[in-house]
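A.B. asks: dropping a prediction and its sequence here:
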Amino acid sequence: MTRNSMFLTVMLMTIVTVTGLRAEWTPTSGPVSSTVTSIVRQNGTFYASTTGGGIYRSYDAGENWYKADAGLPNLFVDVLAGNSTMLIAGTAGSGLYVSHDGGESWYLTAPELAQNYVVSLAASDQYILAGLGNALYLSRDGALTWNKVTQIPENATPLSLAIRDELMIAGTTAGVYITSDRGETWVLSNNGLASIFTGSVYISPAGIFAGTASGIYRSTNQGSSWSRVSSGLPSTFVNTLSGSGDTLYAGTTSAGIYRSVNGGQNWTAVSQQIYYKEIRSIFADGALLFAGTAGGGLYKSVNAGIAWGLSSKGLNYYSTRFVKTAGEYVYAAVDGGAGLYRSSDKGNEWQFMSSGLVSQELNDLLAAHDGLYLATGYGLYYSSDNGQNWTERGSGLTDPDVRTVTEKDGILFAGTFSGGIYKSTNRGLNWSSSSAGLSWFNVRSFAVKGDLIFAGTEAGVYMSSNNGETWLFRNSGIQGSFIMNMAVLNGALYAAPFGSGIYKSTNDGQTWVSADAGIDNEYIEELTVVEQNLFAGTFGSGVYRSTDFGATWVNISEGLSDGYVFGIAADDSLLYASTSFGGVYRRALNGVLTGVDQEAAVPEGFVLEQNYPNPFNPSTVIRYHLPEMTEVRVDIYSASGELIATPVNQIEPAGQKEIVFDGSGLSSGVYYYKISAGKITQVKKMMLIK
């Protein structure tokens, strides 16, 4: 055995024995994933463009996706194309961008077109076509220069493009244009088309295909004439056409994907397992298929569409306002008016659950014994069927902007944006003001402790001992006033004023003391209690956990690609976190709760955390905690066992430590960091993705 192979064996044994019990956060499938506009493969790597999320790439055929849009000023990428040497991205309002290094960097091409919306692209090694809102452009020199196709009128928007050898096709709002002479001459070819509005074109061995407002048409004579080939297709618009060999696939606006194995003569549905039926893009190679949906992320099939599975890990980018659990279900609210979603399988699949809601501006969810109560920007809503349907219960709410809702002794309490507190004694059918004693009326949080109810407001903490009849100010000792979240654990009360950390009171709010030792971010978005553990979601630093009632906190963000955590919840086996850009994440509870110590074999007080972020580019933070003064050495190794760097080699005092490792000069791949502290040695794995 060589020295390097022996080193790797020891590394792997250390990782299994020391860190194998430490679960990491992994993304769920949503709740709302990307709208995937294009899927491209180049040199074995897959690339996906999204509207609002930029460009992602996958090295493992869609199992995991990583950002690949450094240099793009506009993350609304409506179309992506590629050839053997380059990728080209069309943005919504910022023109065309090119990458020659697999998405590592992007630069603007055709500056004269920089303010344009790019709606279609096609690329071969000889030609690139770019369809803008009012013109078609052609490049014959690898996107260095562009020529406007003047034979296509400006009122004919090029919606779709296709290239095969010297044959180029443009599907436009005015019909199909075709050239076979290097783009010198374009001919309008609409003979036989019942509808000239052409949203998709594709060139296959069986001919040229065009998806129009009246179905799919085929031409076997390079566009001289067309015949309708839509048997089996529903009456829906065809967004995209693709194929492999003699098999064709059509992605529709509302009916999913259809397949034809006989040149388009007959079509059969092959997307029953895809929940989102608006298909924006399809990639096909033999039995391998990818389908990009509108709002549902990316799906993958390895058997020509017989079965599908989500392939969106890493593609989520929608901000998730909160995550809650109730019984067998997980609920998540998505910002930007995207609504409420529910999962019945711990986040593997999500369903839209906003039927009956006037507003999709969702603020809080209460799971009560008789159903669900949802606080929205336009009132309070109730569901008796686990979120399938909602009815308004807001009579008497003079301020309909409800920010939070809770229950005490059968009484519902609603905190509003500017109207203070309301309460209902008949399950929300009628509400009355309950704000006597409040000096500020923007209410963001509640906590119930025995006979007492506490309200977190813009001015601080208030307490009521008579079910909201009167409120007393209870903010002494808190540095900060806007109380975003509150929690109760083991008889103590916890409050998180925005920008001022966490405070604790053991005398019902009469006095407060700071309780956030170990948290390096004072902006706390969420406080959640799970059994005897406190969890805090922060604005930029991920998730922290306290197992000693707030005395100390440890960051447990390993695996999170997004450190902005707005909500935390738990069910019987998993912990969930809602994030700003990554959707909902989850991790096993048995790795984070008191009594299931993932560092049980390590002396008490010593902690080596997973680097964050991970994967990283180009730098990452490595944190560790020393229980006593000792000699410390931290080494960075490559996957082959080569020593890359030794950022720490000195005697250090007890306490929390942090180093920043810069991998700018390294290539993408797996690396290891090893810490030796006294008699303790631990190793963890990290990944650099450029």
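C.D. replies: Noted; the coordinates are in hand.
A.B. asks: next, Leu113: phi, psi?
C.D. replies: phi -110, psi 20 (degrees, to the nearest 10).
A.B. asks: could you tell me which residues make contact with the nearest residue to it once chain neighbours are set aside?
C.D. replies: Excluding its sequence neighbours, the residue lying closest to Leu113 (Cβ to Cβ, 6 or more residues apart in numbering) is Gly95, at 4.8 Å. All C-beta atoms are positioned from the backbone trio N, CA, C, and that covers glycine. Gly95 is in contact with Leu108, Thr109, Ala110, Pro111, Leu113, Ala114, Gln115, Asn116, Val118, counting by Cβ atoms under 8 Å, 6 or more residues apart in numbering.
A.B. asks: check the secondary structure at the most far-flung residue of the chain relative to its centre for me.
C.D. replies: Taking Cα atoms, centre = their mean, the residue of the chain most remote from its mean C-alpha position is Ser224, at 46.0 Å. Classification of Ser224 by DSSP: H, G, I helix; E, B strand; the rest coil places it in coil.
A.B. asks: against Asp571, how distant is it?
C.D. replies: 62 Å (Cβ to Cβ, to the nearest Å).
A.B. asks: also Asp451?
C.D. replies: The value you get for Asp451 to Asp571, if Cβ to Cβ is used, is 29 Å.
A.B. asks: the two: who's more crowded?
C.D. replies: Asp571 (17 against 12; other Cβ atoms under 10 Å).
A.B. asks: in space, what's closest to that one - neighbours in sequence excluded?
C.D. replies: Asp571 sits nearest to Thr325 (Cβ to Cβ, 6+ apart), 4.6 Å away.
A.B. asks: so the one you found touches Leu575, yeah?
C.D. replies: No: between Thr325 and Leu575 there is no contact under Cβ atoms under 8 Å: 9.9 Å.
A.B. asks: where do the contact lists of the two overlap?
C.D. replies: Residues touching both Thr325 and Leu575 by Cβ under 8 Å, 6+ apart: Ala569.
A.B. asks: quick one: low-confidence parts of the stretch 151-300 of the chain?
C.D. replies: Applying pLDDT under 70 to the stretch 151-300 of the chain flags no residue at all.
A.B. asks: follow-up on the earlier one: what separation do you get for the residue nearest to Leu113 and Thr109?
C.D. replies: 8 Å.
A.B. asks: ranges for the strands of the stretch 301-450 of the chain?
C.D. replies: With DSSP state E, counting those that start in this stretch as the criterion, the stretch 301-450 of the chain has strands at 309-310, 320-326, 329-334, 339-343, 351-352, 362-368, 371-376, 379-383, 391-392, 402-408, 411-416, 421-424, 432-433, 443-449.
A.B. asks: partner strands of the first one and their direction?
C.D. replies: Strand 309-310 sits in its sheet next to strand 298-301 (antiparallel), going by DSSP bridges.
A.B. asks: ok, and what's touching the partner strand?
C.D. replies: 33-34, 36, 39, 48, 61-62, 65, 270-271, 273-274, 287-293, 307-312, 315.
A.B. asks: any of those residues buried? List them.
C.D. replies: In the contacts of strand 298-301, burial by neighbour count holds for 33-34, 36, 39, 48, 62, 65, 270-271, 274, 288-293, 308, 310-312, 315, counting by 16 or more other Cβ atoms under 10 Å.
A.B. asks: quick one on the thing from earlier: for Thr325 and Leu575, indicate the residue with more neighbours.
C.D. replies: Leu575 (28 against 19).
A.B. asks: what about the helix or strand containing that one, distance to the chain center?
C.D. replies: Following DSSP states H and E, one finds Leu575 within strand 574-579. Mean-position distance between strand 574-579 and its chain equals 12 Å (Cα atoms, centre = their mean, to the nearest Å).
A.B. asks: next, the angle from the helix or strand following it to strand 339-343.
C.D. replies: Counting by DSSP H and E, the next helix or strand C-terminal to strand 574-579 is strand 584-588. In terms of direction (axes from the mean of the first three to the mean of the last three Cα atoms, to 10 degrees), strand 584-588 departs from strand 339-343 by 30 degrees.
A.B. asks: by contact count, what packs against the helix or strand just after strand 584-588?
C.D. replies: Downstream of strand 584-588, the next assigned helix or strand under DSSP H and E is strand 607-608. Applying 3 or more Cβ pairs under 8 Å, 6 or more residues apart in numbering; DSSP states H and E, we find strand 607-608 packed against strand 619-626.
A.B. asks: go through the strand it packs on and flag the buried ones.
C.D. replies: Within strand 619-626, the residues that count as buried by 16+ other Cβ under 10 Å are Thr620, Val621, Ile622, Arg623, Tyr624, His625, Leu626.
A.B. asks: in terms of secondary structure, what does that strand contact?
C.D. replies: Counting contacts by 3+ Cβ pairs under 8 Å, 6+ apart, strand 619-626 is packed against strand 607-608, strand 630-638, strand 655-662, strand 669-677.
A.B. asks: which strands border the second one, and is each parallel or antiparallel?
C.D. replies: Using DSSP bridges, the neighbouring strands of strand 630-638 in the sheet come out as strand 643-652 (antiparallel), strand 669-677 (antiparallel).
A.B. asks: can you give me how far that strand is from the chain middle?
C.D. replies: The answer for strand 630-638 is 34 Å, by Cα atoms, centre = their mean.
A.B. asks: buried residues in that strand?
C.D. replies: For strand 630-638, burial by neighbour count (16+ other Cβ under 10 Å) applies to Thr630, Val632, Val634, Asp635, Ile636, Tyr637.
A.B. asks: could you give me the average pLDDT of that strand?
C.D. replies: Averaging pLDDT along strand 630-638 yields 88.
A.B. asks: who touches it?
C.D. replies: 7, 11, 622, 624, 626, 643-652, 657, 659, 661, 669, 671-678.
A.B. asks: and the last one, by the same measure?
C.D. replies: Taking contacts as Cβ under 8 Å, 6+ apart, the residues outside strand 669-677 that touch it are 11, 606, 608, 611, 622, 624, 626, 630-639, 644, 661, 663, 681-688.
A.B. asks: same thing but 6 Å
C.D. replies: Strand 669-677 is contacted by residues 11, 608, 622, 624, 630, 632-637, 639, 682-687 when judged by Cβ atoms under 6 Å, 6 or more residues apart in numbering.
A.B. asks: before we move on, the earlier item: kindly reformat the buried residues of strand 630-638 as TSV containing distance to Asn426.
C.D. replies: Formatted as TSV, these follow (distance: Cβ to Cβ, whole Å):
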residue	distance to Asn426
Thr630	63
Val632	63
Val634	62
Asp635	66
Ile636	64
Tyr637	66
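A.B. asks: closest one of those residues to Val261?
C.D. replies: If you rank these by distance to Val261 using Cβ to Cβ, Tyr637 comes first, at 51.6 Å.
A.B. asks: and the gap between the closest one and Ile644?
C.D. replies: With Cβ to Cβ as the criterion, Tyr637 and Ile644 are 6 Å apart.
A.B. asks: now do Thr85
C.D. replies: Distance from Thr85 to Ile644, by Cβ to Cβ: 31 Å.
A.B. asks: which one of these two is surrounded by more residues?
C.D. replies: Ile644 (16 against 11).
A.B. asks: show me what contacts that one?
C.D. replies: Ile644 is in contact with Ile636, Ser638, counting by Cβ under 6 Å, 6+ apart.
A.B. asks: with Ala569 instead?
C.D. replies: Per Cβ under 6 Å, 6+ apart, neighbours of Ala569: Val323, Lys324, Thr325, Tyr576.
A.B. asks: the last one contacts Val323, doesn't it?
C.D. replies: Yes: under the contact definition of Cβ atoms under 6 Å, Tyr576 touches Val323, with a separation of 4.8 Å.
A.B. asks: nice, that's everything, thank you.
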